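> Sequence plus predicted model, see below.
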Amino acid sequence: MAFDIAKYTRTSRGVQWDDLPLEEFRRHPLPADTLRSLRYMCDVEYHTVCYLRDMLVTPSHKDPAVTAFMTMWNMEEFWHGEALAAVLAMHDVRIDYDALKAVRLKRGWRERFDPIKQSMLANLVGEDFVAVHMSWGAANEWSAITAYNRLAELQDHPILAPLLERIAKQEARHVAFYATQARERLARSRKAQKLARFALRKFWGPVGSGVMAESEVRHVLGHLMSGPDGRRAARTIDDHLRRLPGLDGLRIVEDALDARGIPA
């Protein structure tokens, strides 16, 4: 089924949480490991603008459906960060823009060079790069949905779970766009299939791993993806990806877990 971009842009809005009694977290606070994972997710959502910046210097920006989607996508991801920040604030964990700026500055020369590198490589590849972008985005959004659902399942908090489910519902619309675009673009280009396969196998990392400290990446993966249930959830992401044209046999998420010693 084709993704209706016009309907999506008309109905896009920030996730709502005003109706949720957040003060319940004062009486029933979240444990430290959950707060640490939430802080990671919050920071990643706020850093979505960096991914948007990098994509706008590639052939993806020439497609009006892609740019319309990414404009709304970036807005929705920002409000995911705001919602998670509100939960963290109830635990006296403050997220401020100076701290977010510091994370980006800490990346040093990579922060300045990444969009240049992305632009050069993508424009050399040409139109087939958009298929790589869409496949990569689908992998990331499947990962996000899985992460939010896993945390809701593990914590089972009467306020946190509904909020995470609302965020995951919006992430599901994001993955619908990325996966639809990836499927169509990969199906019509053998070159795109080879490029996407190569890029995902060689360069993909867990969402946030290019920005967050490796210790935090390991914590989140261990918290959400360890053990039989966690590994089963991770496997579903790879299963989704393998159904895209030309990407059969890929195992990028489980490989990332194995590389970090996350127990199955």
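Nice, I can see it.
> Which pLDDT value does the model give Met1?
The predicted local confidence for Met1 comes out at a pLDDT of 54.
> and if you look at the one 5 residues further on?
As summarised for this prediction, Ala6 has a pLDDT of 95.
> Next secondary structure after the helix or strand it falls within?
With secondary structure defined by DSSP states H and E, Ala6 is part of helix 5-11. Sequence order places helix 24-27 as the next helix or strand after helix 5-11, per DSSP H and E.
> From the chain's centroid, how far away is that next one?
28 Å (CA atoms, centre = their mean, to the nearest Å).
> Any buried residues in that helix, and which?
Phe25 (16 or more other CB atoms under 10 Å). C-beta here means a position set from N, CA and C on the backbone, and glycine is covered the same way.
> contact partners of that helix?
Helix 24-27 is contacted from outside by Val87, Met90, His91, Pro158, Ile159, Leu160, using CB atoms under 8 Å, 6 or more residues apart in numbering.
> Which helix or strand in the chain has the lowest average pLDDT?
Taking mean pLDDT, DSSP states H and E as the measure, the helices and strands of the chain show their lowest mean at helix 97-106, namely a mean of 61.
> neighbouring contacts of the helix holding Ala6?
Taking contacts as CB under 8 Å, 6+ apart, the residues outside helix 5-11 that touch it are Ala65, Ala68, Phe69, Thr71, Met72, Arg173, Phe177.
> Any idea how many residues pack against the last one?
So the one you mean is Phe177. Other residues near Phe177 number 24, with proximity taken as other CB atoms under 10 Å.
> Any chance of the backbone angles for it?
phi -70, psi -50 (degrees, to the nearest 10).
> In contact with it, which residues?
For Phe177, counting by CB under 8 Å, 6+ apart, the contacting residues are Phe3, Ile5, Tyr8, Phe69, Trp73.
> Please repeat the previous calculation with a cut-off of 7 Å.
Contact partners of Phe177, counting by CB atoms under 7 Å, 6 or more residues apart in numbering, are Phe3, Tyr8, Phe69.
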